[in-house]
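# Quick one: sequence plus predicted model below, questions after.
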Amino acid sequence: MSDITQEAGWYFDAYFKGKGILHIFHKKRVNKICSLVPDNKDILDCGCGSGILVYLLSKKAKSISGVDIRKECIDFCNKKIGGNFRQGDLMTLNLNKKFDVVICSDVIEHFYPKDRENVLRNLDKHVKEGGMLILTFPSRLYLTLGPLWLRIRRLLYPKQKFDDEDVHLVVNVNKLKMKNYIVVKKGFTCLGLVFYLVLTKT
């Protein structure tokens with residue numbers, strides 16, 4: 001068995017304690033997402049991981065919840081942050097509740113296109129009419145540089161498993177099927193390595 005593991009709290013700790021290039025990239029991405037979210041809203045973070053977005057946004061949110069498929073991440077969030085975290089699979093997610101803002105950051109690239117459509121439908125179930133959906137995912141530039149970056153990162157962090165070491169596919173914005181949504185903001189951050197998309201449900 002490999003001794004490479006994923007520490008549930010790595011991304012949370014990296015935001016506050018990290019000093020290297022990877023940590024700077026991570027912090028810049030997280031701060032950009034936070035800047036896209038209006039104040040005093042009910043927020044759901046889908047694929048919350050170690051909960052850094054939930055933690056930061058809780059300071060200005062009306063309410064905030066997090067969902068992740070990994071039990072170890074949910075356990076970490078409940079212990080470290082507290083609040084409303086639950087384990088859930090985006091392929092089957094149905095919380096029977098709608099939110100003002102749903103965030104899905106650096107998650108949909110892990111799904112094949114046919115599964116991605118189902119994930120987007122499930123995200124849509126949780127967005128109120130007039131609400132906001134925020135998506136971020138790696139740009140083509142990031143994926144082009146990916147193999148080199150993975151080798152460098154493995155040298156820097158030999159025992160840490162990262163999310164993008166699993167399935168990591170190009171997301172074509174023009175092929176995302178999002179009916180009843182209008183794009184209100186889009187662009188790149190982190191030197192063009194991360195694409196963000198902000199949509200409003202009509």
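Done, it's in. Residues are numbered from 1 along each chain as shown.
# ok, and for the helix or strand where Pro147 lies, which residues are buried?
Assigned by DSSP states H and E, Pro147 belongs to helix 140-156. Using 16 or more other C-beta atoms under 10 Å as the test for burial, helix 140-156 gives Tyr142, Leu143, Trp149, Arg153. C-betas here are computed from N, CA, C, even on glycine.
# Farthest pair within these?
Spatial extent of these (C-beta to C-beta) is set by the pair Leu143 and Arg153 at 14.5 Å.
# Point to the helix or strand of this protein where mean pLDDT is at its lowest.
Least confident helix or strand, the chain: helix 140-156 with a mean of 77, by mean pLDDT, DSSP states H and E.
# Please state the offset of that helix from the chain centre?
With C-alpha atoms, centre = their mean, to the nearest Å as the basis, helix 140-156 stands 19 Å off its chain's centre.
# How about stretch 192-202?
With C-alpha atoms, centre = their mean, you get 12 Å for stretch 192-202.
# Which elements pack onto the least confident helix or strand of the chain?
With contacts defined as 3 or more C-beta pairs under 8 Å, 6 or more residues apart in numbering; DSSP states H and E, helix 140-156 has no helix or strand neighbours.
# what is the mean pLDDT for the next helix or strand after that helix?
Per DSSP H and E, the first helix or strand lying C-terminal to helix 140-156 is strand 181-189. Averaging pLDDT along strand 181-189 gives 96.
# Now do strand 181-189: which elements does it pack against?
With contacts defined as 3+ C-beta pairs under 8 Å, 6+ apart, the packing partners of strand 181-189 are helix 21-36, strand 194-201.
# Nearest approach to Lys186 belongs to which of the ones you listed?
Closest among the helices and strands packed on strand 181-189, once you apply C-beta to C-beta, is strand 194-201, at 4.9 Å.
# got the contact list for that closest one?
Strand 194-201 is contacted from outside by 29, 32-33, 36, 106, 124, 127-139, 142, 171, 173, 176, 178, 180-189, using C-beta atoms under 8 Å, 6 or more residues apart in numbering.
# Go again with 6 Å.
29, 36, 127, 129, 131-137, 139, 180-186, 188 (C-beta atoms under 6 Å, 6 or more residues apart in numbering).
# cool, stretch 84-92 as well?
Identification of contacts with stretch 84-92 by C-beta under 6 Å, 6+ apart yields Cys46, Ser65, Gly66, Val67, Ile69, Lys71, Ile74, Cys77, Asn78, Asn118, Val119, Asn122.
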